[in-house]
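Participant: Provide a 3D model corresponding to the input given below.
(chains A and B)
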Amino acid sequence: MLRIVAVMLSGIAAGVLLRHRSMRFLSKLIMVLVWALLFLIGVEVGSDPRVIRHIHDLGLEALLLTVGGLTGSMLAAWLLWQSISRKRPCDEE
Amino acid sequence: MKNSLIIILFFAAGIASGLSGLIPSGVLGDGASRIALCALMFCVGISIGSDSTVLGNLRRLDPRLLLLPLMTITGTLAGSAIVSINLPGRSVTDCLAVGSGFGYYSLSSIFINEYKGTELGTVALLANIMREIITLLGAPLMVRWFGKLAPISAGGATSMDTTLPIIVRCSGEEYVILSIVHGFAVDFSVPFLVTLFCNL
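Facilitator: The predicted structure is shown next:
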């Protein structure tokens, strides 16, 4: 686990050093890696009968978690919005 | 939207070849996905490090708005924790790990798959794709019900790329920079929070 975070941090360091080079190919590379990894996950899921049998339950769980997370984050954003809009008149805008 | 569809297609193609036994899961095994994951994390790091626009834009924002990523993270985690009470089969940390994908479905599901197995990995993939799709479809209502910051929060880590156009259309031009900075900050927190909750 720590190794993966370390890999990312060294990537950030490399990115800072490479700041003036064109990095256009990078987003394509990331996309291809993501596709490959999701394909691999799919293979694992497909060959795991337990997951396949429960795919409906898993989808429902996912939906519940999404709705919960979305509602929570939007309420938090609303709180910040309220506290900022109330002080709008003295804003520099 | 197109990107999520492609992702789902690859995932579905993987499932199909797993089901048909075309590619036995042992052949590719842990090694291949671990190496690909490390390569991915390195590339993500480079793209974060080489992006010089974010720091410059930070200074032009109302400092109070910088709290928004924090609101998004705490709100999402609180919501996920509440849902976990109603999911008897899942522990709170499992649900928090899924929630801390913040819409960054590729990375979070890959991580969770690695640490917690395919079942929770699948939940994470579906949940975070749903988050993006719901934000894309529901942004106008979110602005009406919860104010102009709501679609940015809802977008989570995607507020800097895939959901940015719809956020700009619904909340207004003046929220472009906030939306990018927010996405960047939330994005950055994903690998840390997901690994944290997977290891608790």
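
Participant: residue ranges with poor pLDDT in the chain?
Facilitator: Since no chain was named, I'll use chain A. A:1-2, A:87-93 (pLDDT under 70).

Participant: oops, I was thinking of chain B
Facilitator: Judged against pLDDT under 70, the low-scoring parts of chain B cover residues B:1-4, B:24-30, B:54-57.

Participant: buried set for the host helix or strand of residue B:73?
Facilitator: Using DSSP states H and E, the element containing residue B:73 is helix B:68-85. Within helix B:68-85, the residues that count as buried by 16 or more other C-beta atoms under 10 Å in any protein chain shown are B:68-69, B:71-73, B:75-81, B:83-84. To be clear about C-beta, it is placed using only N, CA and C from the backbone, and glycine gets the same treatment.

Participant: chain A next: which of those residues are close?
Facilitator: With the criterion set as C-beta under 8 Å from any C-beta of the partner chain, the members of the buried residues of helix B:68-85 near chain A are B:68, B:71-72, B:75-80, B:83.

Participant: the residue most central in space within chain A: what's it in contact with?
Facilitator: Most central in chain A under C-alpha atoms, centre = their mean is residue A:34, positioned 12.2 Å from the mean C-alpha point. Residues counted as contacts of residue A:34 (C-beta atoms under 8 Å, 6 or more residues apart in numbering or on different chains) are B:7, B:40, B:106-107, B:110.

Participant: ranges for the helices of the chain?
Facilitator: Defaulting to chain A. With DSSP state H, the ranges of helices along chain A come out as A:2-17, A:24-46, A:49-53, A:55-86.

Participant: wait, I meant chain B there
Facilitator: Chain-ordered helices for chain B, with DSSP H as the definition, fall at B:2-19, B:25-49, B:53-58, B:68-85, B:92-99, B:105-116, B:118-146, B:150-155, B:164-171, B:176-199.

Participant: quick one: closest of those helices to residue A:26.
Facilitator: helix B:25-49 (5.5 Å; C-beta to C-beta).

Participant: who does the closest one touch, helix- and strand-wise?
Facilitator: In this structure, helix B:25-49 packs against helix A:2-17, helix A:24-46, helix B:105-116, helix B:176-199, with contacts taken as 3 or more C-beta pairs under 8 Å, 6 or more residues apart in numbering or on different chains; DSSP states H and E.

Participant: now do the buried residues in that helix.
Facilitator: By neighbour count, with 16+ other C-beta under 10 Å as the criterion, the buried positions of helix B:25-49 are B:25, B:28, B:33, B:36-49.

Participant: how far off centre is that helix?
Facilitator: Distance of helix B:25-49 from its chain centroid, counting by C-alpha atoms, centre = their mean, to the nearest Å, is 17 Å.

Participant: mind listing residues that contact it?
Facilitator: By C-beta under 8 Å, 6+ apart, the list of residues contacting helix B:25-49 from outside reads A:3-4, A:7-19, A:23, A:26-27, A:29-30, A:33-34, A:36-37, A:40-41, A:43-44, A:47-48, B:18, B:107, B:110-111, B:113-114, B:184, B:187-188, B:191.

Participant: tell me how many other residues crowd residue B:53.
Facilitator: When neighbours are defined as other C-beta atoms under 10 Å in any protein chain shown, residue B:53 has 11 of them.

Participant: grab the nearest non-local neighbour of it.
Facilitator: The shortest distance from residue B:53 to any residue other than its chain neighbours is 7.9 Å, reached at residue B:180 (C-beta to C-beta, 6 or more residues apart in numbering or on different chains).

Participant: my read is that the one you found contacts residue B:158, right?
Facilitator: No. In this structure, residue B:180 is not within contact of residue B:158 by C-beta atoms under 8 Å, at 11.3 Å.

Participant: would you mind telling me which of these two has the busier surroundings?
Facilitator: Neighbours per residue, other C-beta under 10 Å: of residue B:180 and residue B:158, the larger number sits with residue B:158, 26 against 20.

Participant: run through the residues that contact that one.
Facilitator: Contacts for residue B:158 (C-beta under 8 Å, 6+ apart) come out as B:102-104, B:131-132, B:135, B:164, B:183.
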